[in-house]
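> Dropping the sequence and predicted coords here.
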Amino acid sequence: MITRTSQPANGALLISEMKEFASFPKATQRYIRRSLDVAYGRRDAIECWARDEGEAASIRAQSRIYKQLDHLRMQVPDDSGLDMIEPFMGMLITLAAFDLGQDRLPNFAAFRFLYERLVGASARPWLPASFCSAAALPHLHPDRRRTLLQSISESAATAPGWSNREPVFWPEWVEKVDLQQAA
(Lines give C-alpha, C1' and ligand atoms only; values in the text may rest on other atoms or scores of the structure.)
Protein backbone atom coordinates (compact mmCIF):
# COMPACT_ATOMS: atom_id res chain seq x y z
CA MET A 1 0.00 0.00 0.00
CA ILE A 2 0.99 3.63 -0.20
CA THR A 3 3.31 5.08 2.43
CA ARG A 4 3.24 8.59 3.82
CA THR A 5 5.68 11.15 2.57
CA SER A 6 6.42 14.52 4.03
CA GLN A 7 6.38 17.24 1.39
CA PRO A 8 6.17 21.00 1.66
CA ALA A 9 2.72 22.42 1.06
CA ASN A 10 2.23 23.27 -2.57
CA GLY A 11 0.36 26.54 -3.01
CA ALA A 12 -1.80 25.18 -5.82
CA LEU A 13 -2.83 22.20 -3.67
CA LEU A 14 -3.64 24.49 -0.76
CA ILE A 15 -5.81 26.69 -2.94
CA SER A 16 -7.52 23.63 -4.45
CA GLU A 17 -8.40 22.31 -1.00
CA MET A 18 -9.61 25.75 0.09
CA LYS A 19 -11.85 25.95 -3.00
CA GLU A 20 -13.23 22.49 -2.29
CA PHE A 21 -14.05 23.50 1.30
CA ALA A 22 -15.66 26.73 0.08
CA SER A 23 -17.90 24.71 -2.28
CA PHE A 24 -19.57 22.94 0.65
CA PRO A 25 -22.78 24.34 2.16
CA LYS A 26 -22.26 26.60 5.18
CA ALA A 27 -23.72 23.96 7.55
CA THR A 28 -21.21 21.42 6.21
CA GLN A 29 -18.31 23.85 6.64
CA ARG A 30 -19.44 24.50 10.20
CA TYR A 31 -19.71 20.77 10.97
CA ILE A 32 -16.24 20.05 9.55
CA ARG A 33 -14.67 22.83 11.65
CA ARG A 34 -16.56 21.64 14.72
CA SER A 35 -15.49 18.04 14.11
CA LEU A 36 -11.84 19.00 13.78
CA ASP A 37 -12.09 21.00 17.01
CA VAL A 38 -13.59 17.99 18.79
CA ALA A 39 -11.05 15.56 17.30
CA TYR A 40 -7.95 17.62 18.02
CA GLY A 41 -9.07 19.57 21.11
CA ARG A 42 -8.33 22.87 19.41
CA ARG A 43 -10.77 24.74 21.68
CA ASP A 44 -13.81 24.11 23.90
CA ALA A 45 -16.15 22.77 21.22
CA ILE A 46 -19.32 23.13 23.29
CA GLU A 47 -18.58 26.74 24.12
CA CYS A 48 -17.66 27.54 20.51
CA TRP A 49 -20.22 25.50 18.56
CA ALA A 50 -23.28 24.69 20.70
CA ARG A 51 -26.17 26.99 19.92
CA ASP A 52 -28.58 25.04 22.12
CA GLU A 53 -28.72 22.03 24.44
CA GLY A 54 -29.36 19.69 21.49
CA GLU A 55 -26.09 20.71 19.84
CA ALA A 56 -24.27 20.48 23.16
CA ALA A 57 -25.51 16.89 23.56
CA SER A 58 -24.43 16.12 19.99
CA ILE A 59 -20.95 17.50 20.66
CA ARG A 60 -20.65 15.46 23.86
CA ALA A 61 -21.63 12.31 21.93
CA GLN A 62 -19.16 13.21 19.18
CA SER A 63 -16.42 13.66 21.78
CA ARG A 64 -17.10 10.19 23.16
CA ILE A 65 -17.06 8.49 19.77
CA TYR A 66 -14.04 10.47 18.52
CA LYS A 67 -11.97 9.10 21.42
CA GLN A 68 -11.47 6.13 19.09
CA LEU A 69 -9.60 8.24 16.54
CA ASP A 70 -6.11 7.81 18.02
CA HIS A 71 -6.54 4.05 18.02
CA LEU A 72 -8.07 4.15 14.51
CA ARG A 73 -5.08 6.07 13.11
CA MET A 74 -2.76 3.34 14.40
CA GLN A 75 -4.96 0.60 12.88
CA VAL A 76 -4.87 1.77 9.23
CA PRO A 77 -3.96 -1.40 7.32
CA ASP A 78 -0.66 -1.36 5.42
CA ASP A 79 -2.04 -3.66 2.76
CA SER A 80 -5.34 -5.05 1.58
CA GLY A 81 -5.00 -8.31 3.49
CA LEU A 82 -8.44 -9.27 4.78
CA ASP A 83 -7.08 -10.24 8.19
CA MET A 84 -6.06 -6.63 8.86
CA ILE A 85 -9.26 -4.81 7.92
CA GLU A 86 -11.82 -6.06 10.44
CA PRO A 87 -10.87 -3.95 13.48
CA PHE A 88 -10.11 -0.90 11.35
CA MET A 89 -13.19 -0.97 9.13
CA GLY A 90 -15.56 -1.73 11.99
CA MET A 91 -14.34 1.29 13.91
CA LEU A 92 -14.24 3.50 10.78
CA ILE A 93 -17.79 2.57 9.79
CA THR A 94 -19.01 3.31 13.32
CA LEU A 95 -17.50 6.79 13.24
CA ALA A 96 -18.79 7.38 9.71
CA ALA A 97 -22.29 6.24 10.74
CA PHE A 98 -22.25 8.77 13.57
CA ASP A 99 -21.13 11.64 11.34
CA LEU A 100 -23.54 10.79 8.52
CA GLY A 101 -26.33 10.50 11.09
CA GLN A 102 -25.73 14.12 12.10
CA ASP A 103 -27.09 15.12 8.66
CA ARG A 104 -24.36 17.71 8.01
CA LEU A 105 -22.22 15.81 5.51
CA PRO A 106 -24.40 15.80 2.38
CA ASN A 107 -22.13 13.77 0.09
CA PHE A 108 -19.00 11.69 -0.30
CA ALA A 109 -16.83 14.73 -1.10
CA ALA A 110 -17.58 16.36 2.27
CA PHE A 111 -17.12 13.03 4.07
CA ARG A 112 -13.78 12.41 2.35
CA PHE A 113 -12.61 15.97 3.09
CA LEU A 114 -13.33 15.52 6.81
CA TYR A 115 -11.98 11.98 7.14
CA GLU A 116 -8.72 12.73 5.34
CA ARG A 117 -8.12 15.16 8.19
CA LEU A 118 -9.50 12.99 10.99
CA VAL A 119 -7.65 9.78 10.07
CA GLY A 120 -4.99 10.86 7.55
CA ALA A 121 -4.08 10.26 3.93
CA SER A 122 -3.33 6.59 4.59
CA ALA A 123 -7.08 6.03 5.11
CA ARG A 124 -8.02 7.20 1.60
CA PRO A 125 -8.28 3.69 0.08
CA TRP A 126 -10.75 2.73 2.81
CA LEU A 127 -13.01 5.79 2.67
CA PRO A 128 -15.29 4.75 -0.23
CA ALA A 129 -16.12 1.40 1.41
CA SER A 130 -16.67 2.93 4.86
CA PHE A 131 -18.84 5.70 3.39
CA CYS A 132 -20.99 3.27 1.41
CA SER A 133 -21.32 0.94 4.40
CA ALA A 134 -22.31 3.73 6.79
CA ALA A 135 -24.61 5.37 4.23
CA ALA A 136 -26.49 2.09 3.76
CA LEU A 137 -27.19 1.54 7.47
CA PRO A 138 -30.84 1.57 8.57
CA HIS A 139 -30.44 4.42 11.08
CA LEU A 140 -30.66 6.81 8.13
CA HIS A 141 -33.92 7.61 6.36
CA PRO A 142 -34.20 5.77 3.02
CA ASP A 143 -34.21 9.05 1.06
CA ARG A 144 -31.05 10.16 2.85
CA ARG A 145 -29.40 6.79 2.17
CA ARG A 146 -30.25 7.16 -1.53
CA THR A 147 -28.86 10.70 -1.71
CA LEU A 148 -25.64 9.73 0.05
CA LEU A 149 -25.05 6.59 -1.99
CA GLN A 150 -25.72 8.44 -5.25
CA SER A 151 -23.17 11.10 -4.30
CA ILE A 152 -20.14 8.83 -4.68
CA SER A 153 -18.86 8.84 -8.22
CA GLU A 154 -17.88 5.70 -10.05
CA SER A 155 -14.31 6.99 -10.28
CA ALA A 156 -14.13 7.52 -6.50
CA ALA A 157 -15.57 4.08 -5.82
CA THR A 158 -13.27 2.29 -8.28
CA ALA A 159 -10.07 4.32 -8.06
CA PRO A 160 -7.00 2.30 -9.02
CA GLY A 161 -4.80 4.21 -6.55
CA TRP A 162 -4.78 7.00 -4.00
CA SER A 163 -2.51 9.90 -3.21
CA ASN A 164 -0.38 9.59 -0.09
CA ARG A 165 -0.17 13.39 0.24
CA GLU A 166 -1.51 14.61 3.56
CA PRO A 167 -4.07 17.43 3.43
CA VAL A 168 -2.58 20.91 3.64
CA PHE A 169 -5.68 23.00 4.37
CA TRP A 170 -7.15 22.66 7.86
CA PRO A 171 -10.23 24.88 8.24
CA GLU A 172 -10.56 26.65 11.57
CA TRP A 173 -13.06 28.93 13.20
CA VAL A 174 -12.23 32.59 12.77
CA GLU A 175 -13.73 35.03 15.22
CA LYS A 176 -15.74 37.84 13.69
CA VAL A 177 -13.84 41.11 13.65
CA ASP A 178 -15.37 44.56 13.71
CA LEU A 179 -13.99 45.95 10.45
CA GLN A 180 -14.21 49.56 11.66
CA GLN A 181 -12.04 48.81 14.70
CA ALA A 182 -9.58 46.76 12.63
CA ALA A 183 -8.99 49.64 10.22
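Thanks, I have the structure now.
> What sits closest to L100 if chain neighbours are left out?
Leaving aside its chain neighbours, L100 sits nearest to A134 (5.2 Å; criterion: C-beta to C-beta, 6 or more residues apart in numbering). Using the backbone N, CA and C atoms, a C-beta is placed for each residue, glycine as well.
> Counting neighbours, what do you get for that neighbour?
For A134, the neighbour count with other C-beta atoms under 10 Å is 24.
> Distance of it relative to R145?
10 Å (C-beta to C-beta, to the nearest Å).
> repeat for R30
For R30, the distance to R145 - C-beta to C-beta - is 23 Å.
> related to what we said a few turns ago, list the contacts of the residue nearest to L100.
By C-beta atoms under 8 Å, 6 or more residues apart in numbering, the residues touching A134 are I93, A96, A97, D99, L100.
> Number of residues surrounding the last one?
L100 sits with 22 neighbouring residues when counted by other C-beta under 10 Å.
> In terms of helices and strands, where is it?
Taking DSSP states H and E as the criterion, L100 maps to helix 82-101.
> Just checking the distance from that helix to the centre of its chain.
For helix 82-101, the gap between its own C-alpha mean and the chain's C-alpha mean amounts to 13 Å (C-alpha atoms, centre = their mean, to the nearest Å).
> With stretch 63-75 instead?
13 Å.
> quick one: the residue nearest to L100 from L82, how far?
20 Å.
> Could you do R112 as well?
Taken as C-beta to C-beta, the span from R112 to L82 is 23 Å.
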